[in-house]
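Trainee: Predicted model and sequence below, questions to follow.
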Amino acid sequence: MLYEIAAADKPVLDQFESVGVGYDDLNAQVELCRGTTTEAVIYVARAEMIDRSLQPFDWYRAFVLNGGRAHGLPADYLAAVAQFAAVPDPEASRRELHWGLMDGGLSPVTP
């Protein structure tokens, strides 16, 4: 998804995204629907920060699926996301917070 934010809000987003530590922000051409493109700022993980052995928490995968459904992303894309392995969050307070943020009390998605 592509969002527009006020320039004054970007430093706050940069802080949440760990710009300069785990991620870099770059100007890039991004493809929108039907082949059109636009310039946007994207956040890209630094190579040294990528650990391919890690799996996302189940609540994070549910966030992505819930958001994708809400924005009408294609069913085949959502099916592919649902197939990603995910693990329960071992930190109870974080797990409860994130599941609680999702309206409707979504439950973990099983592939």
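Mentor: Received, thanks.
Trainee: which parts of the top helix by length along the chain are buried?
Mentor: Ranked by residue count under DSSP state H, the longest helix found in the chain is helix 58-70. Within helix 58-70, the residues that count as buried by 16 or more other C-beta atoms under 10 Å are 58-59, 61-66, 68. (C-beta placed from N, C-alpha, C; glycine too.)
Trainee: Remind me what it packs against, helices and strands.
Mentor: The helices and strands touching helix 58-70, judged by 3 or more C-beta pairs under 8 Å, 6 or more residues apart in numbering; DSSP states H and E, are helix 75-82, helix 92-101.
Trainee: Now do the buried residues in the last one.
Mentor: Okay, so that is helix 92-101. Neighbour-count burial for helix 92-101 flags 98-99 (criterion: 16+ other C-beta under 10 Å).
Trainee: Quick one: mean pLDDT over it.
Mentor: Averaging pLDDT along helix 92-101 gives 89.
Trainee: just how off-centre is that helix within its chain?
Mentor: Helix 92-101 has its C-alpha centroid displaced from the chain centroid by 16 Å (C-alpha atoms, centre = their mean, to the nearest Å).
Trainee: Equivalent analysis for the shortest one, please.
Mentor: Taking C-alpha atoms, centre = their mean, one finds helix 75-82 lying 14 Å from the centre of the chain it belongs to.
Trainee: which ones are touching the residue sitting nearest the centre point of the chain?
Mentor: Nearest residue to the geometric centre of the chain (C-alpha atoms, centre = their mean): residue 64, 5.9 Å. Residues counted as contacts of residue 64 (C-beta atoms under 8 Å, 6 or more residues apart in numbering) are residue 81.
Trainee: if we can go back for a sec, okay, the helices and strands packed on helix 58-70 in TSV with distance to residue 36 next?
Mentor: Output for the helices and strands packed on helix 58-70, formatted as TSV (distance: least, C-beta to C-beta, whole Å):
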stretch	distance to residue 36
helix 75-82	18
helix 92-101	32
